[in-house]
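K.L.:
Structure for the following, please:
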Amino acid sequence: MDNIELLHNEYKLKYHSEEIHFLRKEFQLFECLFRSPSRIFTRDELLDAVWTREEPTDRTVDDHIYRVRKKLKPLSSIMSIETIRGVGYKLKIRETVRENVLLQDDEVSLSMAMLFRKYHLYGQGDALKLLEENQSVLGFELETQNRLYLQFMKGNFKWIAESSDLPFWDRCYYLLHIYSYIAEDKNKCLEYFTKAMANPNIPVDHRTELEMLNRLPLLVFTGQLEDAEILLAQSKNAVHEKKVDGFIPLLSFIELYILLSKKDDDRITGRLMEIEKELQHYPFLRESASFMIIKGIASLYKRDRIGAKHFFDRGLDQFSQARYIPGLFISLNTILYYLAEYETDLDLSRVYSLQLKKYEEEYQLIILESIIRNQLDTYL
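P.N.:
Numbers count the residues shown, from 1 in each chain. Model prediction:
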């Protein structure tokens with residue numbers, strides 16, 4: 001039953017990649033049976049549960065049972081509606097305990113891990129979601145860090161913050177980022193990032209990103225531009241030495257943030273053009289979305305309000321398309337920072353402040369702030 005999902009707004013049942021679409025009364029009838037599997041319902045009980053304050057006949061139940069049975073045929077191996085003669089109906093669910101033999105195949109596991117990385121790289125949120133939902137069918141299991149990343153990508157921040165079955169250090173990297181989206185004190189965020197990076201318990205991949213990438217925007221947004229330039233140069237050298245090509249666009253974006261903060265007119269336009277050419281080698285949706293946000297900031301710097309809003313909205317739309325919720329928080333925080341920095345447009349500030357507030361409420365960040373801070377203070 002764990003893999004069976006009922007989508008109430010769409011009157012739909014999902015089981016792995018299989019979808020069953022019902023009419024409203026069909027869905028309500030199925031749900032009534034589904035919530036109490038193996039219980040025998042009389043016709044009168046089903047009439048009372050589904051057709052409240054209506055005057056249907058016994059035949060109404062029988063007709064709807066017939067239609068629901070017909071729609072459930074693709075799932076006949078795991079569930080069926082049985083008729084109990086002289087009494088009524090019950091839903092029988094058969095637990096599938098057979099293990100997919102592919103789970104033991106290392107080649108399949110390696111191939112699926114490579115596919116996961118490709119989908120991640122290209123920002124294919126829908127494809128990643130399908131992989132997550134169909135692990136048992138496809139014959140693989142997501143590693144802990146991939147499971148965490150998927151929850152992070154989808155904005156399931158509450159699950160990450162409150163998950164008691166995963167150690168803090170597996171979750172630490174994501175907790176740091178989630179906290180930085182809501183905390184006003186960016187210096188405190190930078191302090192947490194630095195402490196985590198120095199702790200031997202944090203996974204190696206996460207330490208590498210903290211060292212090379214994650215502290216840089218916080219240095220920019222706390223006004224420590226000289227330190228940001230020094231770290232940027234060190235990170236570029238490390239990226240070339242370790243051949244971590246995926247970091248190159250991100251470092252280029254941070255370089256532009258520094259130039260835009262320093263208001264270096266001579267270099268901003270030229271570097272924008274160079275990076276736009278570089279991105280032809282990185283045709284990834286998230287990188288494209290990030291660059292749209294930077295073009296919006298550059299337009300804002302030139303007092304081009306219309307151009308800024310155009311690029312901001314394009315970038316935010318692309319992050320939504322990629323199903324990458326952290327990108328929305330990072331972008332909105334960045335937009336609001338530069339709107340305040342340039343003191344240009346109160347109307348735009350209100351627009352994007354409202355958007356950020358909406359997302360904070362939707363993803364429960366305000367509630368999670370103290371929960372995450374307590375964990376960071378305890379372990380760091």
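K.L.:
Strands along this protein, start to end?
P.N.:
All strands of the chain, identified by DSSP state E, fall at 4-7, 12-15, 18-21, 41-42, 79-84, 88-93.
K.L.:
Partner strands of the fourth one, with direction?
P.N.:
Which is strand 41-42. Here strand 41-42 is paired, per DSSP bridges, with strand 88-93 (antiparallel).
K.L.:
List the buried residues of the partner strand.
P.N.:
Neighbour-count burial for strand 88-93, counted by 16 or more other Cβ atoms under 10 Å, picks out 88-91. Yep, even glycine has a C-beta here, placed from its N, CA and C like the rest.
K.L.:
same deal with stretch 15-33?
P.N.:
15-16, 20, 22, 25-33.
K.L.:
would you turn those into CSV with pLDDT?
P.N.:
Shown next, in CSV, are those (pLDDT from 0 to 100):
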residue, pLDDT
Y15, 81
H16, 72
I20, 90
F22, 93
K25, 92
E26, 93
F27, 93
Q28, 92
L29, 92
F30, 93
E31, 91
C32, 91
L33, 91
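K.L.:
which one of those sits closest to L232?
P.N.:
Ranked by distance to L232 (Cβ to Cβ), these are led by H16 at 45.3 Å.
K.L.:
Isn't that closest one up against N134?
P.N.:
Yes - counting by Cβ atoms under 8 Å, H16 touches N134, with 5.0 Å between them.
K.L.:
Could you check how far K70 is from I330?
P.N.:
Distance of K70 to I330, computed by Cβ to Cβ, to the nearest Å: 48 Å.
K.L.:
quick one, which of these two is more surrounded?
P.N.:
A direct count of neighbours by other Cβ atoms under 10 Å for K70 and I330 places I330 higher, at 19 against 9.
K.L.:
Spatially nearest residue to the more buried one, not counting backbone neighbours?
P.N.:
Nearest non-adjacent residue to I330, counting by Cβ to Cβ, 6 or more residues apart in numbering: Y181, 7.3 Å away.
K.L.:
Let me see the contact set for the one you found.
P.N.:
326, 329-330, 333, 365 (Cβ atoms under 8 Å, 6 or more residues apart in numbering).
K.L.:
now D245
P.N.:
Neighbour list for D245: V239 [criterion: Cβ under 8 Å, 6+ apart].
K.L.:
Over to the one 5 residues further on?
P.N.:
For L250, the set of contacting residues under the criterion of Cβ under 8 Å, 6+ apart consists of 213, 287, 290.
K.L.:
Please report the distance of the closest residue in space to I294 that isn't next to it in sequence from A127.
P.N.:
Nearest non-adjacent residue to I294, counting by Cβ to Cβ, 6+ apart: L256, 5.2 Å away. Distance of L256 to A127, computed by Cβ to Cβ: 30 Å.
K.L.:
which of the two has more neighbours?
P.N.:
Taking neighbours as other Cβ under 10 Å, L256 and A127 compare with L256 leading, 21 against 16.
K.L.:
Wait, the more buried one touches L272, no?
P.N.:
Yes - counting by Cβ under 8 Å, L256 sits close enough to L272 to count as a contact (6.8 Å).
K.L.:
count of neighbours near the residue nearest to E141 when sequence neighbours are not counted?
P.N.:
Excluding the flanking residues, the one nearest E141 by Cβ to Cβ, 6+ apart is Q135, at 5.7 Å. Per other Cβ under 10 Å, the neighbour tally for Q135 reads 17.
K.L.:
can you pull the contacts of Y363?
P.N.:
Y363 makes contacts with 155, 157-158, 325, as judged by Cβ under 8 Å, 6+ apart.
K.L.:
and if you look at Y338?
P.N.:
260, 297, 300-301.
K.L.:
Most widely separated two among those?
P.N.:
Within the contacts of Y338, two members stand farthest from each other by Cβ to Cβ: L260 and L300, at 8.8 Å.
K.L.:
Which one of these two is surrounded by more residues?
P.N.:
Remark: of L260 and L300, L300 carries more neighbours, 24 against 21, as counted by other Cβ under 10 Å.
K.L.:
Need the nearest residue in space to that one, chain neighbours excluded.
P.N.:
Distances taken as Cβ to Cβ, 6+ apart put A308 closest to L300, at 4.1 Å, once the chain neighbours are dropped.
K.L.:
correct me, but that neighbour touches I294?
P.N.:
No - with contacts counted by Cβ under 8 Å, A308 stays clear of I294, the gap being 11.0 Å.
K.L.:
could I get the contacts of L250 as TSV with pLDDT and distance to E276?
P.N.:
Rendered in TSV, the data for these read as follows (pLDDT from 0 to 100; distance: Cβ to Cβ, whole Å):
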residue	pLDDT	distance to E276
L213	91	21
E287	89	11
S290	94	12
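K.L.:
check contacts around L166.
P.N.:
The contact partners of L166, by Cβ under 8 Å, 6+ apart, come to 144, 148.
K.L.:
Now the phi/psi pair for it, please.
P.N.:
phi -120, psi 130 (degrees, to the nearest 10).
K.L.:
Show the model's pLDDT score for F34.
P.N.:
Note for F34: predicted pLDDT of 89.
K.L.:
With V101 instead?
P.N.:
At V101, the model reports a pLDDT of 58.
K.L.:
again, but for D48
P.N.:
Note for D48: predicted pLDDT of 87.
K.L.:
And N187, by the same measure?
P.N.:
With respect to pLDDT, N187 scores 95.
K.L.:
you'd agree it is up against F221?
P.N.:
No - between N187 and F221 there is no contact under Cβ under 8 Å: 9.6 Å.
K.L.:
Would you mark the buried spots in stretch 72-82?
P.N.:
Neighbour counts over stretch 72-82 (16+ other Cβ under 10 Å) mark 72, 75, 78-79, 81 as buried.
K.L.:
Give me the phi and psi angles of P37.
P.N.:
Dihedral angles of P37 (phi, psi; degrees, to the nearest 10) stand at phi -60, psi 140.
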